[in-house]
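> Here is my input; please provide its structure:
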Amino acid sequence: MSLSLQSAASNKMLEVNPYYDYVIKGWDFALKYNSAFSDACSKAFETFLSTRQGTAQNIEKTIRSSFDTTLRNELNDDVLASSMTEYIDSWAKLCELFGYGQFAANFYDFFSYVDRMLEPLRDNINRTPSDVIHCSKTLCDTTMNDNVNRELPSDVVDIKGRFDLLHYKSDTPPEHKTPILVVYSLINRHYILDLLPNVSVIKNLQRQGFDIYATDWGTPKSFDKDLTLETYAEEYVGNAVEKIKEITGSDKVSLFGYCWGGLFALIYTSAHQENVKNLILHATPVDINKEKTIIENWTAHLNADDLTNVFGNIPGWLLNIAFLIRNPVEAMLKYPRYFSEPRSRDEITQFFAIETWLYDSRPIVGEVYREIVDQVYRRNLLIKNKMKVGHDIINLNNITTPLLDIVGTKDDLVPPSASTSIINAIGSTDKKLIEFPTGHVGLCISNAAHEKLWPEVGKWLAQRS
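Next up is the predicted model:
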């Protein structure tokens, strides 16, 4: 058989046999991934042979840096990212063939009900006490904790949306009249800003006299898959803002957007500046083309259409795997390295609290994921003032609300350049950039951040409340 005939026969097999396609694409990705890993190991070994001076600790640090840098560069290669995309596409087709997408949807629907029962444990142990305004499409009710210190108005039940609105309680009345609404991301759970009492951003801001509310998007069900970016960014955030104004009597609210929540806050502000006193963005990706982390590059290459068509909502464990394989050595050695020296009970508690949050993943609403991947990660339309949400084009130049942009200079999930571009793009004249020497999670829980960063954030807000 000629080479051309063999190629035609192979292509025909790929068309009619999705399992064969899955195996071939998986093998190709494995080869490329193992090649990247081998190159990183070789570079680390070369560094070991050439490093002759310094303490053992410094030599180890140099070798680790050499390995990490090489692996990061190799995994960020577009060829490898494309191979990974083809592998995931073939897997999605196989899942569709065997009905796994529907099975996953049913599983997460069941899990969402189980999760609802677990929420009182997860959301109250070590958390700042809060009143929860439960929301659904047609009915809402307010659940008050036992240690309520004041009554909310009886009409809080009329807020609409498939999410909960939290109101963090304080023993003292707020000093600043403008309330804060924290708008969380759809990735992972909301409690990263209230992880433990001694590293809680919520408590830090409360001690500075602020009245704080927050979104809890919960665990989406399969029938939530068609909720759009417009639904979350304008309708749900808008409903929360209006309810907070009604409860507090304030005519405006300060929006605090965490990661993707910053995208929601930006979109809402662009259309409703009359309701927004101040805008805070925390590690928010707005300009992807300048510099891409591994996760951002992989996301930009993904075929989000295929994933959402098969699964509806994007499985949370898929993102967990991506986080693990971007540096598997670090994932394997994290525990032995951490426990190689004595740790206090508080340090151990914080370590496992962070680990729990990292892998406490939920599905991501499919249509929102599709829109963000396409418009922000693939085409970078937000920073170009071409992003379309509903019938509106988001023009950052039109936003004149005071802006505070918080960036971690060591963030390996949202690189600094992806966030700092907003300073030059936005139309606000009152704007400030805070670059803090830590990573994505460190902005929330590091002792240095709580000693220096969040007091500075509070001071900025206080001057504009």
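> residues near residue 20, how many?
When counting by other C-beta atoms under 10 Å, one arrives at 14 neighbours for residue 20. Backbone N, C-alpha and C define where each C-beta goes, glycine included.
> In the stretch 1-150 of the chain, mark out all the strands, start to finish.
For the stretch 1-150 of the chain, the strands defined by DSSP state E, counting those that start in this stretch cover 130-134, 141-143.
> those helices in the stretch 151-300 of the chain, which residues are they?
201-207, 229-230, 237-248, 260-271, 294-301 (DSSP state H, counting those that start in this stretch).
> what comes up buried for the third one?
Going back to what we said before, that points to helix 237-248. Buried residues in helix 237-248, counting neighbours by 16 or more other C-beta atoms under 10 Å, are found at 237, 238, 239, 240, 241, 243, 244, 247, 248.
> Just the pLDDT for the most centrally placed residue in the chain.
The chain has residue 187 as the residue nearest its centroid, 4.3 Å off, counting by C-alpha atoms, centre = their mean. The score at residue 187 is 86. That number is its pLDDT.
> what about the residue lying closest to residue 206 once chain neighbours are set aside, how many neighbours?
Excluding the flanking residues, the one nearest residue 206 by C-beta to C-beta, 6 or more residues apart in numbering is residue 170, at 5.0 Å. A count of neighbours around residue 170, defined by other C-beta under 10 Å, yields 19.
> Equivalent analysis for the one 10 residues further on, please.
Using other C-beta under 10 Å, residue 180 is surrounded by 25 other residues.
> Now do the contacts for the closest residue to residue 376 other than its chain neighbours.
Once flanking residues are discounted, residue 376 sits nearest to residue 382: 5.4 Å by C-beta to C-beta, 6+ apart. Residue 382 is in contact with 263, 266, 286, 287, 375, 376, 394, 396, counting by C-beta atoms under 8 Å, 6 or more residues apart in numbering.
> run the last query once more with 10 Å
Listed by C-beta atoms under 10 Å, 6 or more residues apart in numbering, the contact set of residue 382 reads 263, 266-267, 284-288, 372, 375-376, 389, 394, 396, 421-422, 425.
> now the helices of the stretch 151-300 of the chain as JSON lines including distance to residue 458?
Formatted as JSON lines, the helices of the stretch 151-300 of the chain follow (distance: least, C-beta to C-beta, whole Å):
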{"stretch": "helix 201-207", "distance to residue 458": "6"}
{"stretch": "helix 229-230", "distance to residue 458": "30"}
{"stretch": "helix 237-248", "distance to residue 458": "18"}
{"stretch": "helix 260-271", "distance to residue 458": "18"}
{"stretch": "helix 294-301", "distance to residue 458": "30"}
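> Check these for me and report the most buried one.
helix 260-271 (a mean of 26; mean count of other C-beta atoms under 10 Å).
> can you list contacts of stretch 44-57?
So stretch 44-57 is in contact with 58-71, 329, going by C-beta under 10 Å, 6+ apart.
> which of the residues you listed are buried?
Buried members of these, counted by 16+ other C-beta under 10 Å: 62, 63, 64, 66, 67, 68, 70, 71.
> still on that earlier bit, tell me which of the contacts of residue 382 fall in strands.
Secondary structure from DSSP state E places 389, 394 of the contacts of residue 382 in strands.
> Got a quick PyMOL command for the buried subset of the contacts of residue 382?
Buried residues among these (16+ other C-beta under 10 Å), as a PyMOL selection:
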select buried, resi 263+266+267+284+285+286+287+288+372+375+376+389+394+396+421+422+425
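> So which of the helices of the stretch 151-300 of the chain is nearest residue 368?
Smallest distance to residue 368 across the helices of the stretch 151-300 of the chain (C-beta to C-beta): 5.2 Å, for helix 229-230.
> Show the secondary-structure elements that the closest one is packed against.
helix 260-271, helix 366-372, strand 387-389 (3 or more C-beta pairs under 10 Å, 6 or more residues apart in numbering; DSSP states H and E).
> Let me know how buried residue 34 is, in neighbour terms.
For residue 34, using other C-beta under 10 Å, the count is 10.
> The nearest residue to residue 260 once chain neighbours are set aside: how many residues sit nearby?
What sits nearest to residue 260 in space, not counting adjacent residues and going by C-beta to C-beta, 6+ apart, is residue 185, at 3.8 Å. Using other C-beta under 10 Å, residue 185 is surrounded by 22 other residues.
> Contacts only, for residue 185.
For residue 185, the contacting residues are 192, 215, 217, 257-264, 282-284, 364, by C-beta under 10 Å, 6+ apart.
> Can you give me the distance of the residue lying closest to residue 273 once chain neighbours are set aside to residue 206?
Spatially, and ignoring its direct neighbours in sequence, residue 273 is nearest to residue 401 (5.4 Å; C-beta to C-beta, 6+ apart). As judged by C-beta to C-beta, to the nearest Å, residue 401 and residue 206 stand 23 Å apart.
> Could you do residue 29 as well?
Computed as C-beta to C-beta, the residue 29 to residue 206 distance reads 47 Å.
> what does residue 234 give?
As for residue 234, its distance to residue 206 is 28 Å (criterion: C-beta to C-beta).
> And for residue 99?
From residue 99 to residue 206 the distance is 48 Å (C-beta to C-beta).
> Please tell me the pLDDT value assigned to residue 1.
pLDDT at residue 1 comes out at 47.
> Please apply the same query to residue 158.
Residue 158 is given a pLDDT of 48.
> do the same with residue 154
pLDDT, read off for residue 154, is 40.
> do residue 233 as well
For residue 233, pLDDT reads 94.
> ok, it - contacts?
Going by C-beta under 10 Å, 6+ apart, the list of residues near residue 233 reads 183, 257, 261, 263-271, 368, 371, 389-390, 394.
> if you set the cut-off to 6 Å instead, what comes out?
264, 267, 268 (C-beta atoms under 6 Å, 6 or more residues apart in numbering).
> Now it: closest residue in space, sequence neighbours ignored.
Closest residue in space to residue 233, ignoring its immediate chain neighbours: residue 267 at 3.7 Å, by C-beta to C-beta, 6+ apart.
> Quick check: the one you found touching residue 389?
Yes: using C-beta atoms under 6 Å, residue 267 is in contact with residue 389, at 5.3 Å.
> Good, we can wrap up now.
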